[in-house]
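> Starting from these lines, generate the structure:
(chains A and B)
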Amino acid sequence: MEEEQTRELWRIERLQVFFKTRGNDIMAVNEFSLSIYQGERLCLLGESGCGKSVFGMALLKLLPENAEVLGKAYYKGMETVGMSEKTFARLRGTEIAVIPQGAGSSLDPTMRCGKQVEECLRLHEKENSQVCRQKVLSLLKRLELPRLPGIARDYPFELSGGMKQRILVAAGIVCHPQFLLVDEPTKGLDWGCRDKVITLLKKLVEDEETSVLLITHDFNVAKSLADRVVVMYAGEIVEYGMREDVLERPVHPYSKGLLAALPQNGFQAIEGFSPPLDQIPKGCRFHPRCPHATGRCAQEHPNLTDLGEGREVRCFYAEG
Amino acid sequence: MKCRKFSVQRNLLLWIGGAILLVIIFVLVFGPSLCTHDPLKVDYTLKLRAPCREYPFGTDGMGRSVAARVVYGLRTSMKIAIVVMLISCVIGVCVGVLSGYVGGSVDLILMRVMEVVLAFPDTILALAILGTLGGGMKNQIIALALVRWTKYAKMARDETMRLKKEEYMEAAVAMGNGRFRIVLRYVLPGIIGQILVLATMSIGPIILSGATLSFLGLGVQLPNPELGLLINEGRDFIRSAGHISLFPGLVTALTTLGFNLFGEGLNDYFDPRLKEKAVSD
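Next comes the predicted model:
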């Protein structure tokens, strides 16, 4: 059991993503190295525009054409950055699945909801339509959607945001993928819906033992779903470690700032704004906003330092 | 909700157009069995009769019933229009979707070809093609289809490019769909509404340009009846027996109007902005 848990599913080595623009290239993700293990739920935490979605999309090779990806990513030992689109397409949907962000716009408005979930099964498993439909219905039932089986025949516009999000969850998980990328599952949902979606998602991935990479800016979502948390700032990892460590005893000033900004901790916002990706400051990327910044921070770019127990942080003054 | 969308007040055009179309369909289907006169039978003793009970639309210069000729002429015109519509729709949608979805140099080349076709006025290009191929119904259909596919191509391309940016297209790729499957299952259903509207609206203009070509003697050949040809036949008698041209002309106008109104109505029906308005008030 112990060995099973520590098996590496993804090994990402120094992944970089550039966007080619008319002026200069913009670096959206810088030297991202990370491993994702089988059955674990990893959460990528960061504010909007820090490159977390770009990283996820780069992993799935879904970036637009003007993006350039450097570095290596191994999925079960297979290198995927240089892999041809055709070979990778075979992994998508079967072993690797996505629950996209934006419940409103990620469903085809001209296709019935049940059908959209079924599509995925039909593509990858050669089953007859009766079996597929049964599978879909039982999955929708597990997701506690109301009005079954009638809801499968509804079009997306007839559903609420939370229901649409659950349909997306169903479409992502219906083929029993080994790796699931969940991109901002709670975007645009209210509190009640959010808790429900997260609880159901958690239950499902626990049952299926799916590895999850969760992308979010929501501390509570990270708290209730993740095993490990990675905090990103301006395209870089600034801190990662086990959930309790990072979320309760953060080391990096940015993670500390994020935590202090939570309503229950007194709404103390971090000064300033995160830099646009074409104007990354020299030295530590966080230093202009950091309360503890020194002259060294403005000159040198810190590397990730190992604090032990699978914890690393990108700060010169990490006291551990 | 569904009843409201179809209600007469909300979609008057659809209903008027639909009513005209129903009458036309009725004439197309049952017309021949209602006609008591042979549209091709020449009888000089009956020539140039004014409309009466026996001949509701009168008779033409060779004593043939104008009513019967209009009924058969409408059939020919409709046959041409529908075949042209289908052919040009298929060509146009294929080109448009290919161009919009693949993009890049494929798009560039296809669009330049389309612009060459678009650069000529419709009727002139059709005339030129017909002049090269020779007259007759088959060539008339080919000429019209070669002119009209651009309309569909333009729309299909724009709509495909719009849909391509939607997030559910990305989701479809992420699901592991191939390109062909995405076009078939996600793009086509998304653009079919617009295409349907365009197809309906284009029947009227096709009937008109078909009639134009026949009027000029390049389309359907005598003695077969066709609306444009019938109008041309009455030209010699336009002062003495105007009804010979009048009735085919009226039927042409009415048919065109019916299809256009129906198309407009469909357009409103498929337009999401109008639907929202209907819900809010």
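> which residue ranges form the helices in the stretch 51-200 of chain A?
Ranges of helices in the stretch 51-200 of chain A, per DSSP state H, counting those that start in this stretch, are A:52-59, A:85-91, A:113-124, A:129-142, A:161-173, A:191-208.
> Quick one: mean pLDDT over the first one.
By that I understand helix A:52-59. Helix A:52-59 shows a mean pLDDT of 88.
> distance of the closest residue to chain A within chain B from residue A:95?
Closest to chain A within chain B is residue B:176: 2.8 Å, counting by C-beta to the nearest C-beta. Backbone N, C-alpha and C define where each C-beta goes, glycine included. From residue B:176 across to residue A:95, the span is 10 Å (C-beta to C-beta, to the nearest Å).
> Settle it for me: which of these two has more neighbours?
Neighbours of residue B:176 and residue A:95, each counted by other C-beta atoms under 10 Å in any protein chain shown, are more numerous for residue B:176; the result is 22 against 18.
> Which residue is the nearest non-sequential neighbour of the more buried one?
Nearest non-adjacent residue to residue B:176, counting by C-beta to C-beta, 6 or more residues apart in numbering or on different chains: residue A:93, 2.8 Å away.
> same question, residue A:90
What sits nearest to residue A:90 in space, not counting adjacent residues and going by C-beta to C-beta, 6+ apart, is residue B:176, at 7.2 Å.
> re the thing from before, state the number of residues packed around the residue nearest to residue B:176.
Neighbour tally, residue A:93, other C-beta under 10 Å: 25.
> Enumerate every residue touching residue B:270.
Counting by C-beta atoms under 8 Å, 6 or more residues apart in numbering or on different chains, residue B:270 touches B:193-194, B:196-197.
> Would you mind giving the residues you listed as TSV with pLDDT added?
Below are the contacts of residue B:270 laid out as TSV (pLDDT from 0 to 100):
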residue	pLDDT
B:193	84
B:194	85
B:196	86
B:197	84
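> quick one, what contacts the residue nearest to residue B:238 when sequence neighbours are not counted?
Distance criterion C-beta to C-beta, 6+ apart; nearest residue to residue B:238, sequence neighbours excluded, is residue B:245 at 6.0 Å. By C-beta under 8 Å, 6+ apart, the contact list for residue B:245 reads B:230-231, B:233-235, B:237-238.
> Tell me the buried residues within these.
Among those, those scoring as buried are B:230-231, B:233-234, B:237 (criterion: 16 or more other C-beta atoms under 10 Å in any protein chain shown).
> returning to what we had before: out of the contacts of residue B:270, name the ones that lie in strands.
Among the contacts of residue B:270, no member falls in strands (DSSP state E).
> Residue A:300 reaches residue A:283, doesn't it?
Yes - counting by C-beta atoms under 8 Å, residue A:300 does reach residue A:283; the two are 5.8 Å apart.
> one step back: ok, the residue of chain B closest to chain A to residue A:64 distance?
19 Å.
> Same question for residue B:65.
From residue B:65 to residue A:64 the distance is 66 Å (C-beta to C-beta).
> So which of those two has more stuff around it?
residue B:65 (24 against 8).
> got a list of what the more buried one touches?
Applying C-beta under 8 Å, 6+ apart, we find residue B:65 in contact with B:35, B:37-39, B:55, B:57, B:59.
> cool, and residue B:162?
Going by C-beta under 8 Å, 6+ apart, residue B:162 touches no other residue.
> sec struct for it, please.
Secondary structure, DSSP: H, G, I helix; E, B strand; the rest coil: residue B:162 is helix.
> Residue B:191 versus that one, what's the distance?
For residue B:162 relative to residue B:191 (C-beta to C-beta), the value is 9 Å.
> Residue B:101 now?
Per C-beta to C-beta, residue B:101 is found 11 Å from residue B:191.
> shared neighbours of the two, which are they?
Shared contacts of residue B:101 and residue B:191, defined by C-beta under 8 Å, 6+ apart, are found at residue B:160.
> re the thing from before, from the buried ones among the contacts of residue B:245, which is closest to residue B:151?
Lowest distance from residue B:151 to the buried ones among the contacts of residue B:245 (C-beta to C-beta) belongs to residue B:231, with 25.1 Å.
> what sits against the closest one?
Contacts of residue B:231 (C-beta under 8 Å, 6+ apart): B:211, B:215, B:245, B:248-249, B:252.
> For the residue nearest the centre of chain B, report the pLDDT, please.
When C-alpha atoms, centre = their mean is applied to chain B, the residue found nearest the centroid is residue B:203 (1.2 Å). With respect to pLDDT, residue B:203 scores 87.
> got any ranges where the stretch 201-320 of chain A has weak pLDDT?
Applying pLDDT under 70 to the stretch 201-320 of chain A flags residues A:319-320.
> rerun at 90
For the stretch 201-320 of chain A, residues meeting the criterion pLDDT under 90 lie at A:201-210, A:216-227, A:233-236, A:240, A:243-312, A:315-320.
> what does chain B have sitting close to chain A?
Contact residues (C-beta under 8 Å from any C-beta of the partner chain) of chain B with chain A: B:166-168, B:170-178, B:181, B:185-186, B:189-190.
> Which of the residues you listed fall in helices?
B:167-168, B:170-174, B:181, B:189-190 (DSSP state H).
> now the residues you listed: which count as buried?
B:168, B:170-174, B:190.
> what about the helices in the stretch 51-200 of chain B?
Shown for the stretch 51-200 of chain B, the helices assigned by DSSP H, counting those that start in this stretch span residues B:66-102, B:104-119, B:122-133, B:137-164, B:167-174, B:179-182, B:188-215.
> number of nearby residues for the closest residue to residue A:7 other than its chain neighbours?
Among residues not flanking residue A:7 along the chain, residue A:38 sits closest, at 4.4 Å (C-beta to C-beta, 6+ apart). Counted by other C-beta under 10 Å, the residues lying close to residue A:38 total 17.
> Name the helix or strand for residue A:240, please.
Residue A:240 belongs to strand A:236-242 when assigned by DSSP states H and E.
> and the next helix or strand after that strand, what does it pack onto?
Using DSSP H and E, the helix or strand that follows strand A:236-242 towards the C-terminus is helix A:243-248. Applying 3 or more C-beta pairs under 8 Å, 6 or more residues apart in numbering or on different chains; DSSP states H and E, one finds that helix A:243-248 contacts helix A:219-225, strand A:228-233.
> I'd like to know which elements the last one is packed against.
Using 3+ C-beta pairs under 8 Å, 6+ apart as the contact definition, the elements that strand A:228-233 packs against are strand A:41-45, strand A:236-242, helix A:243-248, helix A:253-260.
> For that strand, which strands pair with it and how are they oriented?
With DSSP bridges as the test, strand A:228-233 is paired with strand A:41-45 (parallel), strand A:236-242 (antiparallel).
> and those, which is most packed in?
strand A:41-45 (a mean of 26; mean count of other C-beta atoms under 10 Å in any protein chain shown).
> Relative to the whole chain's centre, how far out is that one?
From the chain centre to the centre of strand A:41-45 is a distance of 6 Å (C-alpha atoms, centre = their mean, to the nearest Å).
> Touching that strand from outside, list them.
A:34, A:36, A:52, A:55-56, A:205, A:211-217, A:219, A:221-222, A:225-232, A:243, A:258.
> what number of residues lie near residue B:116?
Neighbourhood size, residue B:116 [other C-beta under 10 Å]: 11.
> What's the separation between it and residue B:153?
12 Å.
> as a whole number, average confidence for the helix or strand hosting residue B:253?
Using DSSP H and E, residue B:253 sits within helix B:243-270. Helix B:243-270 carries an average pLDDT of 86.
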